[in-house]
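Q: give me a model of this one.
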Amino acid sequence: MMLSGMLRPAALAVAGLLATTLAAAGEGKTPGYNHKIPEKIMTPDAVETRFGTMKFFDGMPDKATVERLYDNLDVLRGVETFLNGVPATSIEGLRLGHLDLGADTSNKVILLDQLMDSAPLFLTGNTDTVYGSAFLHLGTDGPTVVEIPARTGPGTVNDAYFRFVTDMCAPGPDRGRGGKYLILPPDYKGDLNPPVGGMEAEVDGEKYFVSKSTSYVNWLILRGFLVDGKPDAAVASFKNGLKIYPLSKRANPPKMEFISGSRKSWNTIHANNFEFYKELHTVIDREPTSMLDPELLGLFASIGIEKGKPFAPDARMKKLLTEAVAVGNATARAMIFRPRLEGFHLYPNSAWGAAFVGGSYQWLRDGGKGGRYLDARTLFFYQATVNTPAMVEQMIGAGSQYAYAATDRSGDYLDGAKTYRLRIPANPPAKDFWSVVVYDPQTRSELQTGQTFPSKNNKRDKLIANADGSIDLYFGPKAPEGKEANWIQTVAGKGWYTILRLYGPLEPWFDKSWRPGEFEPIK
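A: Next comes the predicted model:
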């Protein structure tokens, strides 16, 4: 009895403490739960967003919200498909353009024998070199040989997603001596296992520079330099020395056919409307699934673009994708004309920027630690072609370097109704030559004006220099009096932008001790 009496006060104290604890816990618990639930994992009954109020019943979206969310998801994926699909559709646009001129087999080469004037629609093509352009069809032809003549300008093969396969000529393994290149298809099963960029190997007793592509369709683009300001020597070199044929037909290769692409209106640019998705579907359906990683294939499949299946969106999806491609197109244009990418600007307070941002032909950010530099890839392929390490490597006295500008000193877009002056300081750091070409912001192709070539080239054109060796270039609808030799015509009512090219860039370009002037509006 005494022991029992002694325990009763202790038991009552414990019971009281427990009751107090339970009461406190009860006061803090989330309604509808036995305990307090972290607010950060909960969804309110109403959420305000940029596309309206989303409503939920205990975390479950109502019908109207579900419809709005799926519409948004499909548009988002349509936009991402556009931004990530541009490399593939750009190659496809080039292929379709070649077909329009009759270049339907690999032995048929489009030759810009009178240089690239403004008639063709071709992403930021130059007016300074002779282009030789062909498509390899590894799916039908199998391993394909490309014979390159000696002393040809830079050449490159890109796959159907605009990825690097190999360089040729000076930046390639033949180092300008010419030679035979062998391009293997993605389903090749033989003993050859070349790395990216290729290797030298002996095949049936002959030496080849061997590369393997990830795709069946591949673009071959070659450039020939002017001699004494004329294309004749480069044209003759291509016609006499360039050969493309299936390895299986090396004993009796098909005759080469060269089709002039100069002074003709033909389009090589991908669509910016709903047709874009059809072009992308053509690529995905033709190429092996191994060409792209599952993540990218999954993105495309989420809007109905999948190998082996028709692309047949219903009326709802077509309407959403029509909106998505418009937003994607506008976004790409914001990227190139008002870029926000770190590393774009070449100089402080300058309009001049790099088209190849990030210094990686594989579009890797920080050597891959930051993954793929997606916006840099879109910025480049929406306005340019050819993917090669040579465009990002500091090759002193070899290759080429580029800078582009779309605004004047005040940051305003360049206006075709106004007149501007651009000063090229003395001693431009280019071993071979430099040029300035003007482009149409709509087509990203050469601006079509009364001049055949909307450009100036220090080797081709007789430019008037200032006393200090600098050269002032003028841009406007009419030439300032006495400045006709240094004038590039623009069109009132249209905008324009420009690319400065240095062929054989020298050290002052890379260390930035030399820099071009800015675009100055003049009266």
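Q: need the contact list for the nearest residue to Ser118 once chain neighbours are set aside.
A: Distances taken as C-beta to C-beta, 6 or more residues apart in numbering put Glu446 closest to Ser118, at 3.8 Å, once the chain neighbours are dropped. (Glycine included, C-beta is placed from N, CA and C.) Listed by C-beta atoms under 8 Å, 6 or more residues apart in numbering, the contact set of Glu446 reads 116-118, 122, 125, 127, 437-440, 453-455.
Q: next one: Asn329
A: Applying C-beta under 8 Å, 6+ apart, the residues near Asn329 are Phe82, Asn272.
Q: repeat that for 10 Å
A: Contacts here follow C-beta atoms under 10 Å, 6 or more residues apart in numbering; on that basis Asn329 touches Val79, Phe82, Leu83, Val86, Ala271, Asn272, Asn273, Phe276, Tyr382.
Q: swap in Pro194?
A: Contacts of Pro194 by C-beta under 10 Å, 6+ apart are 165-166, 182-184, 188, 200-201, 208-212.
Q: ok, so of those, who is nearest Ile303?
A: Closest to Ile303 out of the contacts of Pro194 is Val165 (28.3 Å), distances taken as C-beta to C-beta.
Q: looking at this protein, which helix is longest?
A: The longest helix of the chain (DSSP state H) is helix 63-100.
Q: send the alpha carbons of the helix or strand following that helix over as PDB?
A: Sequence-wise, the next helix or strand downstream of helix 63-100 (DSSP states H and E) is strand 108-111. What follows is strand 108-111, C-alpha atoms only, in PDB (Å, rounded to 0.1, in the frame of the first residue of the first chain):
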ATOM      1  CA  LYS A 108      26.200  15.100-108.800                       C
ATOM      2  CA  VAL A 109      27.800  18.200-107.200                       C
ATOM      3  CA  ILE A 110      26.400  21.700-106.900                       C
ATOM      4  CA  LEU A 111      29.200  24.000-107.900                       C
END
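Q: and strand 108-111, what does it pack onto?
A: Judged by 3 or more C-beta pairs under 10 Å, 6 or more residues apart in numbering; DSSP states H and E, the packing partners of strand 108-111 are helix 63-100, strand 129-137, strand 217-225, helix 232-241, strand 243-246, strand 257-260.
Q: and Ala355, what helix or strand is that in?
A: Using DSSP H and E, Ala355 falls outside every helix and strand.
Q: hmm, I typed the wrong one, I wanted Pro521.
A: strand 520-522.
Q: tell me the mean pLDDT over that strand?
A: For strand 520-522, the mean pLDDT works out to 97.
Q: can I get the contacts of Pro194 in JSON lines including secondary structure?
A: Output for these, formatted as JSON lines (DSSP: H, G, I helix; E, B strand; the rest coil):
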{"residue": "Val165", "secondary structure": "strand"}
{"residue": "Thr166", "secondary structure": "strand"}
{"residue": "Leu182", "secondary structure": "strand"}
{"residue": "Ile183", "secondary structure": "strand"}
{"residue": "Leu184", "secondary structure": "strand"}
{"residue": "Tyr188", "secondary structure": "coil"}
{"residue": "Glu200", "secondary structure": "strand"}
{"residue": "Ala201", "secondary structure": "strand"}
{"residue": "Tyr208", "secondary structure": "strand"}
{"residue": "Phe209", "secondary structure": "strand"}
{"residue": "Val210", "secondary structure": "strand"}
{"residue": "Ser211", "secondary structure": "strand"}
{"residue": "Lys212", "secondary structure": "strand"}
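Q: tell me the most packed of those, by neighbour count.
A: Ile183 (30 neighbours; other C-beta atoms under 10 Å).
Q: list the residues that contact it.
A: 106, 136, 138, 141-146, 157, 159, 165-166, 194, 198, 208-213, 218, 220, 244, 247.
Q: pretty sure Lys180 is touching Glu206, no?
A: Yes - Lys180 is in contact with Glu206 according to C-beta atoms under 10 Å; the separation is 6.7 Å.
Q: those two: who's more crowded?
A: When neighbours are counted by other C-beta under 10 Å, Lys180 and Glu206 differ, and Lys180 comes out ahead with 18 against 12.
Q: out of the helices and strands in this structure, which is least certain?
A: helix 2-28 (a mean of 51; mean pLDDT, DSSP states H and E).
Q: list of residues touching the next helix or strand after that one?
A: Downstream of helix 2-28, the first helix or strand assigned by DSSP H and E is strand 46-49. Under the contact criterion C-beta under 10 Å, 6+ apart, strand 46-49 has outside partners Thr53, Met54, Lys55, Phe56, Pro61, Thr65, Arg68, Leu69, Asn72.
Q: okay, Lys309 and Ala405: tell me how far apart.
A: 44 Å (C-beta to C-beta, to the nearest Å).
Q: the helices and strands packed on strand 108-111: which one's closest to Asn267?
A: Distance to Asn267, taken as C-beta to C-beta, is lowest for helix 63-100 among those, at 5.6 Å.
Q: what does the average pLDDT come to for the closest one?
A: The predicted model assigns helix 63-100 a mean pLDDT of 98.
Q: got the angle between that helix and strand 129-137?
A: If you take axes from the mean of the first three to the mean of the last three C-alpha atoms, to 10 degrees, helix 63-100 sits at 110 degrees to strand 129-137.
Q: show the buried residues in the contacts of Asn329.
A: Buried members of the contacts of Asn329, counted by 16 or more other C-beta atoms under 10 Å: Val79, Phe82, Leu83, Val86, Ala271, Asn272, Phe276, Tyr382.
Q: returning to what we had before: mutual contacts of Lys180 and Glu206, please.
A: Listed as contacting both Lys180 and Glu206 by C-beta under 10 Å, 6+ apart are Val145, Leu247, Arg250.
Q: same list (those) but as CSV, adding pLDDT, neighbour count and distance to Ile305.
A: Output for those, formatted as CSV (pLDDT from 0 to 100; neighbours: other C-beta atoms under 10 Å; distance: C-beta to C-beta, whole Å):
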residue, pLDDT, neighbour count, distance to Ile305
Val145, 98, 23, 33
Leu247, 98, 19, 33
Arg250, 96, 17, 37
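Q: between these, which sits nearest Val491?
A: Using C-beta to C-beta, the shared contacts of Lys180 and Glu206 come closest to Val491 at Val145, 44.7 Å.
Q: before we move on, what SS does that closest one have?
A: Per three-state DSSP, Val145 ends up strand.
Q: I'd like to know how far it sits from Ser211.
A: Note on Val145: its distance to Ser211, by C-beta to C-beta, is 12 Å.
Q: okay, and the common contacts of the two?
A: In contact with both Val145 and Ser211: Tyr181, Leu182, Ile183, using C-beta under 10 Å, 6+ apart.
Q: now those in CSV, with distance to Gly399?
A: Putting the shared contacts of Val145 and Ser211 into CSV (distance: C-beta to C-beta, whole Å) gives the following:
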residue, distance to Gly399
Tyr181, 19
Leu182, 24
Ile183, 22
